[in-house]
Structure formats: C-alpha cells, structure tokens
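Peer 1: Task: produce atomic coordinates for the following.
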Amino acid sequence: MNLKLISCEIFYREMCAAVAHSPHRVDITFLPKGLHDLPPGQMPVKMQEAIDAVDGTYDAILLGYGLCNNGLAGVRARNCPLILPRAHDCITLFLGGRDRYREYFDTHPGTYFLTSGWLERGETSGDLAELSVQAQLGMNLTLQEMVEQYGEDNAEYLYETLCQGTRNYSHFAWIPMGVEPPGMEQTARQKAGERGWSFETVPGDMTLIRKLVNGGWNEKEFLTVPPGSAVKAAYDGSIVAGIQ
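Peer 2: Purely as a prediction, here's the structure:
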C-alpha cells in the first residue's frame, strides 16, 4: 500500500523507526505539538488543512494522534480513508494500548509522563506560542512580569491560579521506547529532581505505533473513516467514531 502519515511531532523518533520497518511505502508529515495549545476548535481546522493538502495517490491517510481533547473531532476524510488509533491522547500509543494506559492512570494519580518527544519537542514556540490559550490568558508570563502588570498581591494570586499548570502533579513517569539516545533518561531524572518529584521508569510499547503503519487495522484498536465521513468523539469506551 501507499500510505500517508500525518503525525504529531511528539512521535518523531517512534514513527520514523516504525516506518523504516513497515512493509508499505509511508510518506510522513509531522505537525507541531503546539496545535494542542490553540483555543478550542482551532486544532481540527489545522488538521483538516493538512489532510486536504494530501494528493489523491494514497490508499489511506494515517493519523498519529489520539482524540487529544477533541483535536480531531469534526475532521473529515476526503479522497481516501482516514485511519486513527482509538486513543484519548498520545500516552495510549506510548504504552501500547488504552487498557494499559487506563490501568496506570487509575493507580498513579498526579503523574506527568515524559518521552523523548516531550523532552525534545514539548515546548510550544514561534507563531503558535503567540496564538496559544496560554499566551492569550497570560499564562506564559513570569511572576515578575505579572508583578509589573498587576501589582504584587494580584500577581501572586494570578500566577498561582493560572501559571502553575503542574501544581497537581508530583510524579514523573519516564517511558523509554527503545529509540531514544543514551543519556535521555538521566535528563528526565534531573527534571524530577529539580521539582522534587518522585520518578519511575515505565517501559514503553511500540505495538500500537507499528500496527498503525503496518496496516491490517482491527476495529478494536483503530477507527477507519471512509471518504465523506468525519471523526467524532464517542462516549461508549470506543473513544472515536465515524459520522456522515
């Protein structure tokens, strides 16, 4: 098959490794992680633009994304089917499936996940940073910048309320996928030490990523959206569904 993969750059190393061993020809376009930080409704617009830019020579378009806070909701297949994993977010793909992710999530509250992609590409920059929800709400300001704008008492309250996005976290889970360079785990450990958080290594699983680029997509793990249909959020455990 001749496949097109549109993926979040968070999966850069993993998708490249999987595509290198795929039995099919797979052309890749990576989109910036910063799409997730845009105001509600704007990520699907950017995703649709990327899909519409694909020519009609492919048998299917693969989406290297989870539903990602409805970031794929409303995205429509055009000339060929869309294939996407049944996943709430990228951690499902890093852990190999939604059952394993749910089990870990339920038993480890307050966990912040790290992978090579999150260490290398997790910061939003450039034009997308200026368009992000964080920038529009002032969540990207330092405490000193807030003091200068709002006064010390107001600034401390605003900073605690808006800018401390990790205040409910206390644990780092490092997910090695077998594609990261030596020393990256140490970088993750240092981040935990700087915050005073606990640290754990949770082995990653390339299974779902490989299945995405290898074909033979089963209904339990993947949604196939035929031409003319769109993606919608599902609330019955399947996570995503197709709609005309």
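Peer 1: quick one: the residue nearest the centre of the chain from G193, how far?
Peer 2: Nearest residue to the geometric centre of the chain (Cα atoms, centre = their mean): C90, 4.2 Å. Applying Cβ to Cβ, to the nearest Å, the value for C90 to G193 is 25 Å. C-beta here means a position set from N, CA and C on the backbone, and glycine is covered the same way.
Peer 1: cool, and P226?
Peer 2: Shown here: P226 relative to G193, a distance of 50 Å by Cβ to Cβ.
Peer 1: can you check V231 too?
Peer 2: Noted for V231: a distance of 40 Å to G193, by Cβ to Cβ.
Peer 1: So the two - more neighbours on which side?
Peer 2: Using other Cβ atoms under 10 Å, the more surrounded residue of V231 and G193 is V231, with 26 against 11.
Peer 1: Give me the contacts around the helix or strand hosting that one.
Peer 2: In this structure, V231 sits in strand 230-233 according to DSSP states H and E. Contacts to strand 230-233, defined as Cβ atoms under 8 Å, 6 or more residues apart in numbering, come from residues 67, 70, 72-77, 82, 84, 223, 225, 239-244.
Peer 1: Apply 10 Å and report the result again.
Peer 2: For strand 230-233, contacts defined as Cβ atoms under 10 Å, 6 or more residues apart in numbering pick out 44, 47-48, 63, 65, 67, 69-77, 82, 84, 88, 223, 225, 239-244.
Peer 1: Give the buried residues for the next helix or strand along the chain from that strand.
Peer 2: Next helix or strand after strand 230-233 toward the C-terminus (DSSP H and E): strand 240-243. Neighbour-count burial for strand 240-243 flags V240, A241, G242 (criterion: 16 or more other Cβ atoms under 10 Å).
Peer 1: Could you do stretch 204-213 as well?
Peer 2: Of all the residues in stretch 204-213, those buried under the rule 16+ other Cβ under 10 Å are G204, D205, M206, L208, I209, R210, K211, L212, V213.
Peer 1: This protein: strands as residue ranges?
Peer 2: Ranges of strands within the chain are 2-8, 25-31, 60-64, 82-85, 111-114, 171-174, 198-201, 222-225, 230-233, 240-243, based on DSSP state E.
Peer 1: Please produce JSON lines containing these, extended by distance to V19.
Peer 2: Converted to JSON lines, the strands of the chain look like this (distance: least, Cβ to Cβ, whole Å):
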{"stretch": "strand 2-8", "distance to V19": "7"}
{"stretch": "strand 25-31", "distance to V19": "5"}
{"stretch": "strand 60-64", "distance to V19": "10"}
{"stretch": "strand 82-85", "distance to V19": "14"}
{"stretch": "strand 111-114", "distance to V19": "23"}
{"stretch": "strand 171-174", "distance to V19": "24"}
{"stretch": "strand 198-201", "distance to V19": "26"}
{"stretch": "strand 222-225", "distance to V19": "17"}
{"stretch": "strand 230-233", "distance to V19": "23"}
{"stretch": "strand 240-243", "distance to V19": "23"}
